[in-house]
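S.K.: what's the 3D shape of this:
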Amino acid sequence: MGTLDAFASLRVAHDIAKEELPEDKSELLMGLMQELNRELHHDAPPNVCNTYVPGLTARAFHESEWFLAARVLEKNFEAVRSEVDAFIEKNGDSEMSSVGANTGQVDSSLVEKGTWRDISLYHSGIQNRQVCKTHFPRTCKLIEKAMPEVWTDNYGHVLISQLLPGSKLRSHSGATNAQLTLHLALTVPKGKAGIRAGTEIREPGWKVAKATVFDDSFDHEVWHHGDNQDVSRVVLLLRMWHPDFTLEERLAKVRKNGFGMNQKELDRRVAYFQSDKAKERWDKQREVFRSRTSSPISTTSRSEL
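M.R.: Numbers count the residues shown, from 1 in each chain. Model prediction:
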């Protein structure tokens, strides 16, 4: 059994997967596992990243039906698209920024050619109240009420992301495997826009009204090979906690508060993670996720199956 398989088995068999560990023990366990993984570099994961959490299911792409948040978005597609269409038509050119302004400056270097722009609804889990109130009230309300794995993710962002025809993004990867990326496809050019994650290529990469879920800690790239006659690729981009990442681990990450959220926002997340509602939600999501994967925890990317 390799190191990654051992970590995966630990998540299934150990109390961390059954009854939450105290915060200090959870952090100690993760620290020891990460240290061991670094020492055993010959057993490196396929999605190695800056903040790597051992034992999380590692697949380049996941199926949308495995995720409660994706189901909610697909069900409410028309409401989301109507807000986004109206915004882009009236305010897109004036209020959307080149990528990097709303995330990290390094993201601006990812554009090999063309135009990739966005507008931020949530940054590091914090809602942009003015943008939500003015342009996306129904979408933001949906996130707050029905997608706690999104708004409690202090690593995460929610963006309207637009990739114009003739654009290509360089190969890159995210900072942590503790979260997954979800794209709800709003407009998609026919057969000219795609995505690669790991070794799996999807072209077209999206289907209108459907969610695409992938692990951006895998090396990935995106392109739109269309011309000016084609529509842009527009998605609602969300990042959410990985289902295998426990509530105690999430709470510990939020309490570290590396992104400097104010005390009110911090307290709101702590209260949620400690609530029965959070436990019920996580249990349901974990049950759905693990029942759909080929094994309780898989460390093999779908492209390698």
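S.K.: hey, let's count contacts and neighbours off CA atoms from now on
M.R.: Fine.
S.K.: element containing Gly191, please.
M.R.: For Gly191, there is no enclosing helix or strand under DSSP states H and E.
S.K.: could you report the neighbour count for it?
M.R.: Using other Cα atoms under 10 Å, Gly191 is surrounded by 14 other residues.
S.K.: quick check: phi and psi at it.
M.R.: Torsion angles at Gly191 (phi, psi; degrees, to the nearest 10) stand at phi 70, psi 10.
S.K.: what residues does it make contact with?
M.R.: Residues in contact with Gly191, defined by Cα atoms under 8 Å, 6 or more residues apart in numbering, are 203-204.
S.K.: Met96 versus that one, what's the distance?
M.R.: 25 Å (Cα to Cα, to the nearest Å).
S.K.: C-terminal to the lengthiest helix in the chain, what's the next element?
M.R.: Across the chain, the helix with the greatest residue count (assigned by DSSP state H) is helix 77-95. Using DSSP H and E, the helix or strand that follows helix 77-95 towards the C-terminus is strand 97-98.
S.K.: sheet partners, orientation included, of that following strand?
M.R.: Strand 97-98 has the following sheet partners, assigned by DSSP bridges: strand 116-123 (antiparallel).
S.K.: quick one, the partner strand and helix 77-95 angle?
M.R.: Taking axes from the mean of the first three to the mean of the last three Cα atoms, to 10 degrees, one finds strand 116-123 and helix 77-95 inclined to each other by 110 degrees.
S.K.: what about the following helix or strand past strand 116-123, average pLDDT?
M.R.: Sequence order places strand 126-127 as the next helix or strand after strand 116-123, per DSSP H and E. Averaged across strand 126-127, the pLDDT comes to 93.
S.K.: direction included, what does strand 126-127 pair up with?
M.R.: strand 116-123 (antiparallel).
S.K.: need the contact partners of the strand it pairs with.
M.R.: Counting by Cα under 8 Å, 6+ apart, 95-99, 102-103, 127-129, 131-132, 140, 151, 156-164, 167 sit against strand 116-123.
S.K.: recalculate using a threshold of 7 Å.
M.R.: 96-99, 102, 127-128, 131-132, 156-164 (Cα atoms under 7 Å, 6 or more residues apart in numbering).
S.K.: how about stretch 75-88?
M.R.: So stretch 75-88 is contacted by 135-136, 139, 186, 209 (Cα under 7 Å, 6+ apart).
S.K.: if you count neighbours, what's buried in that stretch?
M.R.: Neighbour-count burial for stretch 75-88 flags 77, 80-81, 84, 87-88 (criterion: 16 or more other Cα atoms under 10 Å).
S.K.: could you do stretch 114-130 as well?
M.R.: For stretch 114-130, by 16+ other Cα under 10 Å, it's 115-127.
S.K.: may I have that stretch as CSV, with CA atoms only?
M.R.: Output of stretch 114-130 as CSV, limited to C-alpha atoms (Å, rounded to 0.1, in the frame of the first residue of the first chain):
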residue,chain,number,x,y,z
GLY,A,114,-6.9,37.0,-25.9
THR,A,115,-9.2,38.3,-23.1
TRP,A,116,-10.2,36.7,-19.8
ARG,A,117,-12.2,38.9,-17.5
ASP,A,118,-14.5,38.6,-14.5
ILE,A,119,-16.4,40.3,-11.7
SER,A,120,-16.3,39.2,-8.1
LEU,A,121,-19.3,38.3,-6.1
TYR,A,122,-17.3,36.7,-3.2
HIS,A,123,-13.7,37.1,-2.4
SER,A,124,-12.1,34.7,0.1
GLY,A,125,-15.6,33.7,1.1
ILE,A,126,-16.7,37.3,1.8
GLN,A,127,-19.6,38.6,-0.2
ASN,A,128,-19.2,41.8,-2.3
ARG,A,129,-22.5,43.3,-1.0
GLN,A,130,-22.7,46.1,-3.5
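S.K.: using CSV, please lay out the buried residues of stretch 75-88 together with distance to Ala178 and pLDDT.
M.R.: Converted to CSV, the buried residues of stretch 75-88 look like this (distance: Cα to Cα, whole Å; pLDDT from 0 to 100):
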residue, distance to Ala178, pLDDT
Phe77, 26, 98
Val80, 26, 98
Arg81, 28, 98
Val84, 28, 98
Phe87, 31, 97
Ile88, 31, 96
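S.K.: how far does stretch 284-293 sit from its chain's centre?
M.R.: Taking the mean of its C-alpha atoms, stretch 284-293 sits 17 Å from the chain's own mean (Cα atoms, centre = their mean, to the nearest Å).
S.K.: give me the contact list for it.
M.R.: Stretch 284-293 is contacted by residues 66-68, 243-244, 296 when judged by Cα under 7 Å, 6+ apart.
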